[in-house]
Each structure stands twice: as structure tokens, then as C-alpha cells.
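Undergrad: pasting a predicted model and its sequence here:
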Amino acid sequence: MSGRIVKTTLKIAVPLAVVAAAALYLPLDFLRPPVERALERGLGRKVEVGAVHLDLFGAPGFTLDDVVIHEDPRAGIEPFAYVPSLDARPSWLSLLHRHLEFSYLNLSEARFQAPTLNIVKTAEGPWNFQFLLDSASRGQTRVPAIRMRAGRVNFKFGDVKSIFYFDNADLNVDPSRGGFVELHFEGAPSQTDRAAQDFGRFFVDGTWDPSRTPRLDMKVDLERSSLAEVSRVIDPQGFGLHGTIALQARLSGSPNGLDVSGLLQIDDVHRWDLVPKGGGWKLPFKGSLDLHGEKLDLASDPAAPVVLSFRGRDFLSKTQWDAEAQLNQVPIADLAEVARHMGAPVSDQLAAEGAVSGSLTYDQGGLSGHVELKDASLGLPDVQPLRAKSAAVNIGDGVVSLEPSKIEIGEKESAELEANYDFFQSRDPRQPRESQQPPVDLRITTKGMNVADMRSFGVAAIPMLDQTKQGIWRGWARYQGGAWSGEYDLLNARIPVDGLADPLRIQSASIKLNGARVSITKLRGKAGDIAFTGEYRWEPGTVHPHKFNITIPEADAAELARLLAPSIERERGFLARTLRLAAAPLPDWLKSRRADGTISIGMLTAGESSVSLNHARLLWDAGIVRLTGIDASWLSANLAGSSLAGDLLADLSGAAPRYHFDGTLNGAPYKGGKLDFDGSLDAEGDGLTLLDSLRAEGHLRARSIELSPDADLTSASACFELQSTRWKFGSVEATQAGETYYGSGASQADGKLVLDLVKGSRQLKFSGPLVASAP
């Protein structure tokens, strides 16, 4: 018995299975017209079907290929949907009434083509999907449940297609018997003008009541997405900000008057060229949405210190928008943290007090607004804080401007501060950040401020002031484009200088800055016990960037040697001195020193001798120092009336300084007459070592010299050599009593000078003391 049942079942099932399988592949064109008419009745618009297949597996129905669902004429001429494959399930109750209707439509991809929907906003306001749902509510059509997977949703405004669309979109539309329509949508926001995008998925869940008073109730979520990409939906240029953003919102009401509430989560906000620093904000908001008019108005909690509002118009077509922030006693410390995230040069160690009030607006034209700072205090570690009772800040054209404001430092000092900061100035990502000019324009004006308090401003050091350990400055300075300019006086300052034993004590100086160039005039000061006046210029990019003119009324040679000792002497250990090892390498400051200037000394005293250095040019190139064009005259009685001229070279690169002089000494008093020297001199070391190493040679001329009572020379000339304190004379030519004698001479160990002279067969020998005043 059971065997016959199995055979009978197989006889029925096998043919049915064959028919069902064949129906999947065999087009049933005779069913196309009734299927198209049934779809048109359910969707309220013309439908074209490419091919019809009968599907008997699972829930019986039809599989339709290449379906085109045309648009309602009120919304345009482009079809409402292109569907590569559509599964249609009939309503079995309609079949009992011999009237084909579909209860379920599934839009899916086929042959690597995704289904596409065109959502259109008409010029009159309503959207095309409203026509479909409204006709269902009036009983004109019975809309089937609609399901779409991995589709694409485009947006159009009249005949113009938006660049905004949803990709990989899923859609569920489930009409209920009560007239409500349950909606579910999710997709990836995208733009046609951008290939790579970093959006999270967008979710919409809710109900639509297409009754006489249509009503939407929906929950909207945006997954964590790129802030830069979301901002480009609002403004194609973006805001120059990176980070992440997520959204949760509820919408309820009529399409042209939806109430909106929700929460916005923003994290890791930073400028495009910076690394995120973490942190974020949760912003509750409320507002309204008009889908017909494309109007969106949102605002945060009105009782909060910061009230944010956003207004958007035509947000899916030609977006017009603006955002506003109302600040009410917002702590400056909180705003400093925001600015730090945005790339402003705000130190992590900044201590900020006070509050800010005002309003800021941001739209397609950029950021604008006006805020007031009250009882502000900004401080960095180990410096006096900056305080301002009030300060006004204007924002516009991408620039934040501080109006001229009185800033107090400490109890007695103040300055007027004016500043601009180009908050959105872009940087070249190909260049190191430190090599690019900061977008700051800062001007400081003061009637008198301690140099040390300049550190309170936390900006790059002002030239000359950055080297000053103490002192007062008055005037103005401006920082712009990474460089300073300005005019100011410097008073009672101490400035350390490499190569000097003591810092310079500047009594007063007038300084002008022009970019990297510095000009100092009316300079009065002291180095050690030596007072000086003069001028100084710093001209980078030239062979000798240090340029100066220095006048010294009087100086002691021993004090001058002490001041210059760090330049002349380089310390070596006992072993290095004993073994005469090579000198230590030149310090960096000496290697880099390049100077060109003039110097004059009214009276330079060495023991009982004094000389006036009328003029000399000083050229300093690393370890080589040259005094050229020396013009000096002796003031002391023993050499009064004599003059010195020539060039002096000091070589500081070796273990000990070496000196070389070429020049003349004229009119030196000696033995009742005058001596003129023309030659060169070499020496090295210092003190007794310098005297022992002394070497000189050249030519001398004498006039009216009385060597001894019996040696009264009318004139004389000779070649000379000097080693330490010993003289040698050759090619001597001396005239006495009208007769000329020839010979040689030398100084003796007993301190006498001996000349051996001849004329023909006559020989003369003159001897006399070599007095201490002789050169």
C-alpha cells in the first residue's frame, strides 16, 4: 500500500518539479500584459517588463527581468526605478476574485547591475514617493510591500540630478491595514564628484501615516563617519577639519513641519595637517525640518554656556547654510583646548582664566563674529601672567583679530597688544611644519617693560631682546610672516657676548628691526671697566653679517686683554700644555663669527705708556682677526709726537695666538732726535712668552741722534733685526760732521748699543746705552 502511495506521489511531484524548474528559464511572454497591469495598479504609474518567469519554489510568484517603473507625470519624465530583477508575489485573495494584485515586490540586482531608485522633489514641494503613498491612502491603489537590497538611491530636483546619492542601499516599505506604512532604509551616503569616501551607514526607521494630515515618525542614525566627508555634503570645499561624527535623531510631524531632536557626537577634531589629540563633544539638539521646502533649523540647549544653531536651505540641491554659536561666559581655558585641537600654537602648559561672551557665525563666506574677553589671564610656567580686564576679538575673512588692548604684566608694567591670526591658512604638506611661516601678525607697544617679561607672550623672541638677560625696552615690535620688525629703545640691559669675559652693559640704545636685519644706533654702554659708544648692524646673508662702529674714550690694555681672553686663550689641561699638544678645536661661536667694523680709542694705556688709536678697520673671520688701516699716535711723554700706521693680523686658531704686523713708526723720540721704522713684527703667546717670541725686521732712519758725547749723528739709516730684546743693525749709513760712515751694529748683553763704522781706512766705534724708551 505504501509503495503505491510513493509511486503516485512521484508521478505527480516529478512533472511539477520539471515544470517549476523550466519556468525559471522559459519566458512566459503571454503573462507580461496582465503582470504589467497589476504592477501599474499597485504602483500608480506605468510599468514595463522585459521578461516574465514563473517561480514555483518557495512562495510561488513571478521573477521579472529588466523592469522599468515610470514616473508620475507630476514628478518628471525619468523613470522612478530601474530594476534588473524583480520578484513579485501575488495576493492569493485577489486571485480568488480573478483580479491579479501583488502583495510583495523584491527589487534585487542581476548581472552585476543594482536596482536604482530616483527620489524626486517637485517644483511644487511634494516628493514623488508621496504621490505613491498618498494614492494608497485614498484607496486609489493598494501598494504592495516593497523590499530592495544593495541598490542605489538618486536624488533629483525637478530635472536636475543631485551629486548626492545613497549606495548599497536597503529599503523596506510595508503598508499596514490601518493605513500606516512602516519604513526602513539604510545606505552609504556618497557623492558623484568624489571617488573615495569615508561615510558610515545611514539608517531610517519609522512609520508614515498618509492620512488626511500626513505624518512621519522616524528614528534616524548616522554611523561614525569622517567629519571631513560629512562637511563636504554641506559645503563642497569642506571646513578644513578632520575627525569623526555620529548622529542619532528622532523626527515626527508632517513632512513640511517635522519636529527634530537628537544627539550629535563629534570626536578627534583636528586640522587636516595635524595629528588628532583625542577628546570630543556630545551635543543634544532640537529643531524643525521642512521636507517640502528643504529647510532645516537646529539648535542646542539654550541654557548652556555655548548655544549652537544650524540653518540649512536647499540642502540636497544647492545647499545654503549657516551655523551660529552664542557664547555666554565660556571659560577661556575651554576655548584654548578647542584652539589647540584646531592647530593654533597654544602651549599645553598654558594656564588660562577668565570668560568669553559674544557670537560667532560660520557660513559659505567663512567664520565671522565678535567676542569679548573679561578678566582674562594667560600664563606660562616661570613667567608673569598676562592680564586684561577686557579685550575685543573680531573674526572675519578667515582672520581672528584682537583689537588694541591693554595688557598688564606684573603689578607695574603694561603694554598694548594687537594681533591677527589666520586660523585657516593652509600649509604645504610637502614641507616640514617648522620651516613654514606661522599665520600670526602680532604688534606689541609699550612705554616701558622688563625684557624678561616678554617671555609671558609665548612668541618667538624679539631680536636683541632674546639675548638680553635684563633691562627695560620701550617702543613697538611687530611679528609677521615669521619675522620681527619694529623700533624700540633698550635701557640698562645686560647682553652676554661670546668671546667677552663680561656681558655688555647697555646704558641705552635705539634699535630698528626689519625682518632678519637689525640696526642699532645711539649705542652707549660698558664692557667691564671700558665705556664705549657706537653703532651696530646685523645683516645676514652678507660675507660679514656683524657690522659695527665703536668709539672708546679710554681703555686700559690690561682690562682690554682680560675682556678678550675668552677669544684669545682657549683652556688646555696641564698635560696638554706640558706635552705641547695641539690646541682644542675652535668653539662653534668662533667658527661662525664674521664681523666688519671700525674702532677708535681715545687713549689706550699700558703701564706708563699711552696711545691714541685714531682709526682702524677690524675684520674678523673665524680664527683670523685683522686690524687694517691702523692710524695711531703716542700720547705718553717718552714717545710723544710719534705715529703708528699699518696692518695687524691675529691668528687665534692655534694653540697660542700668533701676531703679525706690517707698518711704520714715525717720529719716535730718541737721544735728542727722531727715529722712523718701516718693517714687520711677529710674536706669539702672551705675557713673557709674547716678549720672548718677538721677532722684527725692516729699515730705520734716524735724525739728529746723539749716541754718546763723541757720537753726534746728523742722520743715519740701517736695516734692523729684533729678537726679543736684542737688536742687530746692518747696512748702516751714518753722517757725522759732514762725513758719511758705513758699517753695522748690535745691542749688547749689558744694555749698550755698539756701532762699528768705517770710511776708507778710517774706523770709528761708537758705544752708548740703549735706553728703555727705544722701540
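TA: In hand now; what should we look at? Numbering: from 1, shown residues only.

Undergrad: so for whichever strand or helix holds Lys406, mean pLDDT?
TA: Secondary structure from DSSP states H and E places Lys406 in strand 399-409. Mean pLDDT, computed over strand 399-409, is 90.

Undergrad: same for that strand, what does it pack against?
TA: Contacts defined by 3 or more Cβ pairs under 8 Å, 6 or more residues apart in numbering; DSSP states H and E place strand 399-409 against strand 386-396, strand 413-422. For every residue, glycine as well, the C-beta is placed using N, CA and C.

Undergrad: nearest to Arg726, of these?
TA: Nearest to Arg726, of all those, is strand 413-422, at 65.3 Å by Cβ to Cβ.

Undergrad: partners of the closest one, with directions?
TA: When pairing is defined by DSSP bridges, strand 413-422 lines up against strand 399-409 (antiparallel), strand 440-450 (antiparallel).

Undergrad: parallel or antiparallel, list what pairs with the next helix-or-strand element following the last one.
TA: Past strand 440-450, further along toward the C-terminus, the next helix or strand under DSSP H and E is strand 470-480. Within its sheet, and counting by DSSP bridges, strand 470-480 is paired with strand 440-450 (antiparallel), strand 483-495 (antiparallel).

Undergrad: Phe661: neighbour count?
TA: When neighbours are defined as other Cβ atoms under 10 Å, Phe661 has 18 of them.

Undergrad: grab the nearest non-local neighbour of it.
TA: Leu681 (4.4 Å; Cβ to Cβ, 6 or more residues apart in numbering).

Undergrad: and Lys187, bridged to which residues?
TA: Quick fix: residue 187 reads Gly, not Lys. In this structure, Gly187 bridges to Phe202 when assessed by DSSP bridges.

Undergrad: which residues of the stretch 551-700 of the chain fall in strands?
TA: With DSSP state E, counting those that start in this stretch as the criterion, the stretch 551-700 of the chain has strands at 594-606, 609-621, 624-634, 643-651, 658-670, 673-684, 695-708.

Undergrad: reformat the ones you listed as JSON lines; add distance to Thr542 and mean pLDDT.
TA: Converted to JSON lines, these look like this (distance: least, Cβ to Cβ, whole Å; pLDDT from 0 to 100):
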{"stretch": "strand 594-606", "distance to Thr542": "8", "mean pLDDT": "95"}
{"stretch": "strand 609-621", "distance to Thr542": "13", "mean pLDDT": "95"}
{"stretch": "strand 624-634", "distance to Thr542": "17", "mean pLDDT": "95"}
{"stretch": "strand 643-651", "distance to Thr542": "22", "mean pLDDT": "95"}
{"stretch": "strand 658-670", "distance to Thr542": "26", "mean pLDDT": "94"}
{"stretch": "strand 673-684", "distance to Thr542": "31", "mean pLDDT": "94"}
{"stretch": "strand 695-708", "distance to Thr542": "36", "mean pLDDT": "91"}
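
Undergrad: indicate which one of those strands is closest to Ala419.
TA: Closest approach to Ala419 among the strands of the stretch 551-700 of the chain (Cβ to Cβ): strand 594-606, 35.4 Å.

Undergrad: buried ones in the strand holding Lys406?
TA: When burial is assessed from 16 or more other Cβ atoms under 10 Å, strand 399-409 yields the following buried residues: 399-402, 405, 407-409.

Undergrad: same deal with stretch 347-362?
TA: 350, 352, 354-356, 358, 360-362.

Undergrad: buried residues, stretch 504-518. List them.
TA: Per 16+ other Cβ under 10 Å, stretch 504-518 contains these buried residues: 504-506, 509, 511, 513, 517-518.

Undergrad: centre of the chain versus stretch 75-84, how much separation?
TA: 52 Å (Cα atoms, centre = their mean, to the nearest Å).

Undergrad: picking that back up, can you lay out the strands paired with strand 470-480 as JSON lines showing mean neighbour count?
TA: Shown next, in JSON lines, are the strands paired with strand 470-480 (neighbours: other Cβ atoms under 10 Å):
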{"stretch": "strand 440-450", "mean neighbour count": "18"}
{"stretch": "strand 483-495", "mean neighbour count": "18"}
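
Undergrad: mind putting those into JSON lines with mean pLDDT?
TA: Output for these, formatted as JSON lines (pLDDT from 0 to 100):
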{"stretch": "strand 440-450", "mean pLDDT": "89"}
{"stretch": "strand 483-495", "mean pLDDT": "91"}
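
Undergrad: how about the helices and strands packed on strand 399-409 in CSV, adding mean pLDDT and mean neighbour count?
TA: Below are the helices and strands packed on strand 399-409 laid out as CSV (pLDDT from 0 to 100; neighbours: other Cβ atoms under 10 Å):
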stretch, mean pLDDT, mean neighbour count
strand 386-396, 91, 17
strand 413-422, 89, 18
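
Undergrad: mind putting those strands in CSV, distance to His184 included?
TA: Below are the helices and strands packed on strand 399-409 laid out as CSV (distance: least, Cβ to Cβ, whole Å):
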stretch, distance to His184
strand 386-396, 43
strand 413-422, 47
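
Undergrad: extract the C-alpha trace of stretch 473-480 and format it as PDB.
TA: C-alpha atoms of stretch 473-480 as PDB (Å, rounded to 0.1, in the frame of the first residue of the first chain):
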ATOM      1  CA  TRP A 473      62.600  98.200  26.500                       C
ATOM      2  CA  ARG A 474      60.200 100.800  25.200                       C
ATOM      3  CA  GLY A 475      58.700 101.200  21.700                       C
ATOM      4  CA  TRP A 476      57.000  98.800  19.400                       C
ATOM      5  CA  ALA A 477      57.700  95.500  17.800                       C
ATOM      6  CA  ARG A 478      55.600  93.500  15.200                       C
ATOM      7  CA  TYR A 479      55.800  89.800  14.400                       C
ATOM      8  CA  GLN A 480      54.500  89.000  10.900                       C
END
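
Undergrad: which residues sit against it?
TA: By Cβ atoms under 8 Å, 6 or more residues apart in numbering, the residues outside stretch 473-480 that reach it are 440-449, 451, 454, 459-460, 462, 465, 484-491, 493, 511, 513.

Undergrad: swap in stretch 612-624?
TA: The contact list for stretch 612-624 (Cβ under 8 Å, 6+ apart) reads 544, 546, 586, 590-604, 625-635, 649-653.

Undergrad: how about stretch 542-554?
TA: Residues outside stretch 542-554 that contact it (Cβ under 8 Å, 6+ apart) are 530-539, 593-605, 619-621.

Undergrad: using PDB, write down the CA coordinates of it.
TA: Extracted in PDB, the C-alpha atoms of stretch 542-554 (Å, rounded to 0.1, in the frame of the first residue of the first chain):
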ATOM      1  CA  THR A 542      76.500  89.100   3.700                       C
ATOM      2  CA  VAL A 543      80.100  88.000   4.000                       C
ATOM      3  CA  HIS A 544      80.400  89.800   7.300                       C
ATOM      4  CA  PRO A 545      76.900  90.000   8.800                       C
ATOM      5  CA  HIS A 546      78.200  91.700  12.000                       C
ATOM      6  CA  LYS A 547      78.900  95.300  11.200                       C
ATOM      7  CA  PHE A 548      79.800  98.000  13.700                       C
ATOM      8  CA  ASN A 549      81.500 101.300  14.500                       C
ATOM      9  CA  ILE A 550      82.800 101.600  18.100                       C
ATOM     10  CA  THR A 551      84.400 104.600  19.800                       C
ATOM     11  CA  ILE A 552      86.100 104.100  23.200                       C
ATOM     12  CA  PRO A 553      87.100 107.200  25.100                       C
ATOM     13  CA  GLU A 554      89.800 105.500  27.100                       C
END
